[in-house]
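Asker: model this:
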Amino acid sequence: EMVKAARKLAKTIKRTEKDVTKNLIVEAQVILTTTAGALDPSLKNLPPFDLVLLDEAGQATDPSSWMALLKGKRAVLCGDFNQLPPLVLSEQA
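Answerer: Numbers count the residues shown, from 1 in each chain. So this is what the prediction gives:
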């Protein structure tokens, strides 16, 4: 009986945590994440962001950049080539 109650409570806690997280994200003016973090399930099914800022864009591979860039209406790519050089994976480049 106690095990059943504990499982039910755990489900309730998990559901509440998801609801709170979604509400925080929806109400937030700024959300910070890595490019891979843009695929987090808590960001799924949200309307597109007004702006995605991709810092250190020269260090990001194309696939990882698209994970974040496709989440927004507009994008700004920035980076300091004196701080970190561009990441080049192509032998031809």
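Asker: ok, the residue positioned nearest the centre of the chain - contacts?
Answerer: In the chain, the C-alpha closest to the average C-alpha coordinate belongs to residue 38, at a distance of 2.2 Å (C-alpha atoms, centre = their mean). Counting by C-beta atoms under 8 Å, 6 or more residues apart in numbering, residue 38 makes contact with 67-68, 71. The C-beta positions use only the backbone N, C-alpha and C, and glycine is treated the same way.
Asker: Same check on residue 53?
Answerer: So, once contact is read as C-beta under 8 Å, 6+ apart, residue 53 ends up touching 75-76, 78.
Asker: With neighbour count, distance to residue 48 and pLDDT added, can I get these in JSON lines?
Answerer: Output for the contacts of residue 53, formatted as JSON lines (neighbours: other C-beta atoms under 10 Å; distance: C-beta to C-beta, whole Å; pLDDT from 0 to 100):
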{"residue": "75", "neighbour count": "16", "distance to residue 48": "11", "pLDDT": "96"}
{"residue": "76", "neighbour count": "11", "distance to residue 48": "15", "pLDDT": "96"}
{"residue": "78", "neighbour count": "10", "distance to residue 48": "20", "pLDDT": "92"}
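Asker: can you put these in a markdown table and add secondary structure and distance to residue 21?
Answerer: Output for the contacts of residue 53, formatted as a markdown table (DSSP: H, G, I helix; E, B strand; the rest coil; distance: C-beta to C-beta, whole Å):
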| residue | secondary structure | distance to residue 21 |
| --- | --- | --- |
| 75 | strand | 24 |
| 76 | strand | 26 |
| 78 | coil | 28 |
